[in-house]
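>>> pasting a predicted model and its sequence here:
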Amino acid sequence: MKKMALNEYARMKKKSIFAVVKEIQSGKLQSIEEETDGIKKRFVLISESESSQTENDKTETQSSSLSLEDEIKILRDEIEALKKIIESCCKDDRSQR
């Protein structure tokens with residue numbers, strides 16, 4: 001089992017911290033409480049397989065964001081090309097009047 005901070009787990013699962021605490025209280029999630037420098041912190045215990053899945057999700061998100069940046073660049077180039085086409089059509093239309 002691996003421990004993860006409550007807020008990190010909530011962010012990873014796209015839930016509120018309150019929802020995660022509710023799952024802990026209902027017994028759906030295991031957790032431990034540790035004291036560091038007089039401050040109590042609660043950690044969610046997750047299995048190694050779930051931990052590796054979250055790491056895969058993180059790398060997948062990072063790789064998809066790179067492809068999104070590339071896609072944005074391509075779309076911007078297409079917009080510029082379309083603007084040029086529209087400008088040339090407008091010029092042709094004006095010259096015919």
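Happy to help now that I have it. Numbers count the residues shown, from 1 in each chain.

>>> going along the chain, name the strands of this protein.
Remark: strands assigned in the chain by DSSP state E are 2-5, 30-36, 39-46.

>>> now those as JSON lines including distance to K84?
For every residue, glycine as well, the C-beta is placed using N, CA and C. Formatted as JSON lines, those follow (distance: least, Cβ to Cβ, whole Å):
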{"stretch": "strand 2-5", "distance to K84": "51"}
{"stretch": "strand 30-36", "distance to K84": "59"}
{"stretch": "strand 39-46", "distance to K84": "53"}
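
>>> which one of those lies nearest to R94?
strand 2-5 (63.9 Å; Cβ to Cβ).

>>> contacts for that closest one, please.
Under the criterion Cβ atoms under 8 Å, 6 or more residues apart in numbering, residues M12, I32, K41, F43, V44, L45, I46, S47, E48, S51 lie in contact with strand 2-5.

>>> now with 7 Å, please.
I32, K41, F43, V44, L45, I46, E48, S51 (Cβ atoms under 7 Å, 6 or more residues apart in numbering).

>>> between which two of those is the distance greatest?
So, these by Cβ to Cβ: farthest apart are K41 and E48, at 21.4 Å.
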